[in-house]
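> Here's my sequence, what's the structure:
(2 chains)
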2 protein chains.
Amino acid sequence: MSLLVVGSVAFDDLETPSGRRDNILGGSASYFSLSASRFHPVQIVAVVGEDFGPEEFQVFAGRPIDLTGLVQTRGQSFHWKGSYGQDLNEARTLETHLNVFADFHPDLPEAHRNASCLFLGNIDPVLQLDVVRQMARRPRWIALDTMNFWIDGNRGALLDVLKEIDILLVNETEARALAGDRNLIKVYQRIQELGPRILVVKRGEYGVSLFSPEGCFVAPAFPLEEVADPTGAGDTFAGGFLGYLASREDLSLETLKHAALFGTIMASFTVQQFGTAGLQALTDEQLKERIAAFKAMIQITAN
Amino acid sequence: MSLLVVGSVAFDDLETPSGRRDNILGGSASYFSLSASRFHPVQIVAVVGEDFGPEEFQVFAGRPIDLTGLVQTRGQSFHWKGSYGQDLNEARTLETHLNVFADFHPDLPEAHRNASCLFLGNIDPVLQLDVVRQMARRPRWIALDTMNFWIDGNRGALLDVLKEIDILLVNETEARALAGDRNLIKVYQRIQELGPRILVVKRGEYGVSLFSPEGCFVAPAFPLEEVADPTGAGDTFAGGFLGYLASREDLSLETLKHAALFGTIMASFTVQQFGTAGLQALTDEQLKERIAAFKAMIQITAN
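Residues are numbered from 1 along each chain as shown, chains lettered A, B, ... in the order given. Have a look, this model is predicted:
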């Protein structure tokens, strides 16, 4: 009963108003699995190069993260270089070196084909669909992240895979581009026609809006005095959100609300430090404390 | 024990993607009082011209809105012409005719000088301070709205009046400009140094963030399928927020949360129709229903 994630494991060079870091661990599957594994066992399917060493492997050790599907191959790992200005909502890509990721064709290990829950990180929708087809049986649910590059550049393939998807997680601009409408309620109606019955719109510092057949939920981001590095916030959210869902039996609105809360809190720890450092250092005590603080912040007692 | 508002009562010409309306009732004090009077009696101090006729006065009739301080003078009323594109968060001003508002010097009627609560709508901070000085006794609290025009153009006078203020309501851009910081927690720290102990940051379709010495609260906007006209949303929020506060004894975080909820819901009715039509048509039943729906949307039951 595992949660399978297919995505990227990479190195990042990051520059933000708080400083810069080179060659630190990044990639959607890294953030996702470090976050999700707090709630449920995770299996990663991804590819890395020869530059991926013991130090990087060590980050995943001691956690319920199965690296059987993390293939190491000849060449260099995916490397992204980005910077952020004062508006931390928007990353500027300086360099993208796909390296071994350019030939990434996820080949699921036998044991992974029975995963009960599947998260398709933001990769080519053709590959995402291929992963769905490799599953031995239909997972309990499949969630997907994508980006404007695919929405604009390979819409046909994206629409094909969306038919198989239960939960779509995208940012606000992407949601609007995909649905061709600005109003989020209408965006959700359109997304439902395309396949997914649950939509999570990631809105950066404004939090997330969640739409399900039972109703909607809006959660703010956790207010922080310092945001050191917003990289990975979305994948960390997805990890907390889907990790919690994988640990539960249902997709009721109440369960989805809690999932959004855990995703939000996990993301808040990610952005407080560079790369995955915040997730690595996080203790259960800190997690519990912040969840309580966040609940108090959004709750209203009976009048 | 009244809530006094000093602001504008005006005519608006509006164009939005949903249509256009000319010569409809507008102005901060109009939206504010129609909204606040649902919760507490309101006294308006404002000026209108000879073009302000029975039809406009009629809008305020039958509600606990005291128009003793609404002075009618020779000339035309303040007239604003604005338009909105698909991004309804941003109004484009096409024309501003101050008319009688250019010579507006609020002169509080004797009875108004004992108001227990005071809202200073967005006018020249010199006039805002003058109103504070006309009060016979210190109101229980004073709230203030302002805009970039004054923050950039008359910062000195604005800082003077801020010293007298308990509750500052501004939009996100204004809050950041005033405090000289992007991070809202730091913005709040700076605002407290300037005077106000409570800060409400209006974030349009993203809702509001509220900061008080006891803690913070973030409420999303009520999701709507159609927004006809965002004009007046901020003043309507202020009306519901401060109207509710005026009806209560305390400024505890719990009370502020409820106030933010009522402000948010009132604003949602305003933006569904042009001008003040949504506020005028609103029934108690509709208000009650939407408050319940909104609470359900932001609440999370115990895990």
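> List, one by one, the residues from chain A near chain B.
A:86-87, A:182-186, A:203, A:206-207, A:209, A:215-220, A:223-227, A:254, A:257-258, A:261, A:295-301, A:303 (Cβ under 8 Å from any Cβ of the partner chain). (C-beta placed from N, C-alpha, C; glycine too.)
> What segments of the stretch 51-200 of chain A are helices?
A:54-60, A:125-134, A:148-153, A:155-162, A:172-179, A:184-194 (DSSP state H, counting those that start in this stretch).
> sorry, back to before: which among the residues of chain A next to chain B count as buried?
Buried members of the residues of chain A next to chain B, scored by 16 or more other Cβ atoms under 10 Å in any protein chain shown, are A:182-184, A:203, A:206-207, A:209, A:216-220, A:223, A:227, A:257-258, A:261, A:297-298, A:300.
> what's the longest helix in chain A?
helix A:253-271 (DSSP state H).
> Give me the buried positions along the helix or strand following it.
Later in the chain than helix A:253-271, the nearest helix or strand by DSSP states H and E is helix A:277-281. Under the neighbour-count criterion of 16+ other Cβ under 10 Å, helix A:277-281 has A:277, A:278, A:279 buried.
> and which of these is nearest residue B:165?
residue A:278 (37.0 Å; Cβ to Cβ).
> Return the residues in contact with that closest one.
A:269, A:270, A:271, A:272 (Cβ atoms under 8 Å, 6 or more residues apart in numbering or on different chains).
> In strands only, show me the residues of chain A next to chain B.
A:209, A:215, A:216, A:217, A:218, A:219 (DSSP state E).
> Show the average pLDDT along stretch A:204-216.
Taken as a whole, stretch A:204-216 has a mean pLDDT of 93.
> Could you do stretch A:268-285 as well?
97.
> which parts of that stretch are buried?
Using 16+ other Cβ under 10 Å as the test for burial, stretch A:268-285 gives A:268-279, A:282.
> Could you do stretch A:142-159 as well?
So stretch A:142-159, judged by 16+ other Cβ under 10 Å, has buried residues A:142, A:143, A:144, A:145, A:146, A:147, A:150, A:151, A:157, A:158.
> Could you give the bridge partners of residue A:25?
residue A:11 (DSSP bridges).
> if I look at the closest residue to residue A:299 other than its chain neighbours, how far off is residue B:133?
The shortest distance from residue A:299 to any non-neighbouring residue, by Cβ to Cβ, 6 or more residues apart in numbering or on different chains, is to residue B:299 (6.7 Å). Distance of residue B:299 to residue B:133, computed by Cβ to Cβ, to the nearest Å: 43 Å.
> tell me the contacts of the closest residue to residue A:146 other than its chain neighbours?
Counting by Cβ to Cβ, 6+ apart, residue A:122 is the residue found nearest to residue A:146 once chain neighbours are left out, at 5.6 Å. Residue A:122 is in contact with A:7, A:8, A:28, A:145, A:146, A:147, A:150, counting by Cβ under 8 Å, 6+ apart.
> go again using 7 Å as the cut-off
Counting by Cβ atoms under 7 Å, 6 or more residues apart in numbering or on different chains, residue A:122 makes contact with A:7, A:28, A:145, A:146, A:147.
> which stretches of the stretch 1-150 of chain A have low pLDDT?
Scanning the stretch 1-150 of chain A for pLDDT under 70 picks out A:1.
> That one: strands as residue ranges?
A:3-6, A:10-16, A:19-26, A:42-48, A:65-72, A:78-84, A:91-97, A:117-120, A:141-145 (DSSP state E, counting those that start in this stretch).
> okay, those strands in a markdown table with distance to residue B:174 next?
Formatted as a markdown table, these follow (distance: least, Cβ to Cβ, whole Å):
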| stretch | distance to residue B:174 |
| --- | --- |
| strand A:3-6 | 42 |
| strand A:10-16 | 25 |
| strand A:19-26 | 29 |
| strand A:42-48 | 44 |
| strand A:65-72 | 45 |
| strand A:78-84 | 23 |
| strand A:91-97 | 26 |
| strand A:117-120 | 40 |
| strand A:141-145 | 34 |
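> Residue B:48: which of those is closest?
For those, distance to residue B:48 was read as Cβ to Cβ. The smallest value, 48.6 Å, belongs to strand A:78-84.
> residues in contact with the closest one?
In contact with strand A:78-84 (Cβ under 7 Å, 6+ apart) are residues A:8, A:10-16, A:26-27, A:91-101, A:230-231.
> are any of these buried, and which?
A:8, A:10-16, A:26-27, A:91, A:99-101, A:230-231.
> Which one of those residues is nearest to residue B:34?
Scanning the buried ones among the contacts of strand A:78-84 for proximity to residue B:34, where the rule is Cβ to Cβ, the winner is residue A:230, at 40.4 Å.
> Do I have it right that the closest one meets residue A:88?
Yes: at 4.7 Å, residue A:230 and residue A:88 qualify as touching, with contact defined as Cβ atoms under 7 Å.
> okay, the residue nearest to residue A:203 when sequence neighbours are not counted: pLDDT?
Distance criterion Cβ to Cβ, 6+ apart; nearest residue to residue A:203, sequence neighbours excluded, is residue A:172 at 5.1 Å. Residue A:172 carries a pLDDT score of 93 in this model.
> cool, the one 5 residues further on as well?
Residue A:177 is assigned a predicted lDDT (pLDDT) of 96.
> just residue A:296 next, same as before
88.
> Quick check: beta-bridge partners of the closest residue to it other than its chain neighbours?
Leaving aside its sequence neighbours, residue A:296 sits nearest to residue B:215 (Cβ to Cβ, 6+ apart; 7.1 Å). On the basis of DSSP bridges, residue B:215 is bridged to residue B:212.
> quick one: residue B:215 and residue B:253 touch, right?
Yes: with contact defined as Cβ under 7 Å, residue B:215 counts as touching residue B:253 (5.3 Å).
> wait, what's in contact with the most centrally placed residue in chain A?
In chain A, the C-alpha closest to the average C-alpha coordinate belongs to residue A:235, at a distance of 2.5 Å (Cα atoms, centre = their mean). By Cβ under 7 Å, 6+ apart, residue A:235 lies in contact with A:28, A:31, A:32, A:121.
> again, only using 8 Å
A:7, A:28, A:29, A:30, A:31, A:32, A:35, A:121, A:145.
> and what of residue A:182?
Here residue A:182 is in contact with A:176, B:86, B:87 (criterion: Cβ under 8 Å, 6+ apart).
> same thing with residue A:120?
By Cβ under 8 Å, 6+ apart, the contact set of residue A:120 is A:6, A:7, A:128, A:131, A:132, A:142, A:143, A:144, A:145, A:161, A:165.
> now do residue A:152
By Cβ under 8 Å, 6+ apart, the neighbours of residue A:152 are residue A:177.
> How about residue A:261?
A:219, A:291, A:294, A:295, B:300.
> ok, which pair from the residues you listed is furthest apart?
Checking the contacts of residue A:261 with Cβ to Cβ, the most distant pair is A:219 and A:291, at 12.0 Å.
> Against chain B, how distant is the residue nearest to residue A:253 when sequence neighbours are not counted?
Excluding its sequence neighbours, the residue lying closest to residue A:253 (Cβ to Cβ, 6+ apart) is residue A:214, at 3.9 Å. Distance of residue A:214 to chain B, computed by Cβ to the nearest Cβ, to the nearest Å: 10 Å.
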